[in-house]
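J.: what follows is a predicted protein model with its sequence.
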Amino acid sequence: MTPLTDEVFLSRVQTHVGQQDLDGADQATIAVLRTLFDSMSTTDASALSRALPSGLRARLGAAAGAARGGGQHAVGPRD
């Protein structure tokens, strides 16, 4: 099994979302993970953070630590 490095993770995201470049995959990954962290408990966000490659974990450390927990809310299209 290939070690889950930042490059491997982002390459997989790139493939799944059909991005042409890693920068787009990186931006999508950060946006999705921050959105997830916003709706998770601190405990769950920390567990998810630990499963990420180290570079992504470092970039999202503040977001994971600041998880609000239970922050689900209704949003309109493209809010």
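T.: Looks like it arrived, so ask away.

J.: can you give me the helices for this structure?
T.: 6-17, 22-38, 42-51, 54-65 (DSSP state H).

J.: which other helices and strands contact the longest one?
T.: Right, the one you point to is helix 22-38. helix 6-17, helix 42-51, helix 54-65 (3 or more C-beta pairs under 8 Å, 6 or more residues apart in numbering; DSSP states H and E). For every residue, glycine as well, the C-beta is placed using N, CA and C.

J.: out of the ones you listed, which gets nearest to residue 25?
T.: helix 6-17 (3.8 Å; C-beta to C-beta).

J.: who are the packing partners of the closest one?
T.: By 3+ C-beta pairs under 8 Å, 6+ apart, helix 6-17 packs against helix 22-38, helix 54-65.

J.: could you list the buried residues of it?
T.: For helix 6-17, the neighbour count (16 or more other C-beta atoms under 10 Å) marks 6, 9, 10, 13, 14 as buried.

J.: picking that back up, any chance of the helices of the chain in a markdown table, plus mean pLDDT?
T.: Supplementary listing: the helices of the chain in a markdown table, determined by pLDDT from 0 to 100:
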| stretch | mean pLDDT |
| --- | --- |
| helix 6-17 | 92 |
| helix 22-38 | 91 |
| helix 42-51 | 90 |
| helix 54-65 | 77 |
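
J.: can I get the helices and strands packed on helix 22-38 in TSV including distance to residue 25?
T.: Output for the helices and strands packed on helix 22-38, formatted as TSV (distance: least, C-beta to C-beta, whole Å):
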stretch	distance to residue 25
helix 6-17	4
helix 42-51	18
helix 54-65	11
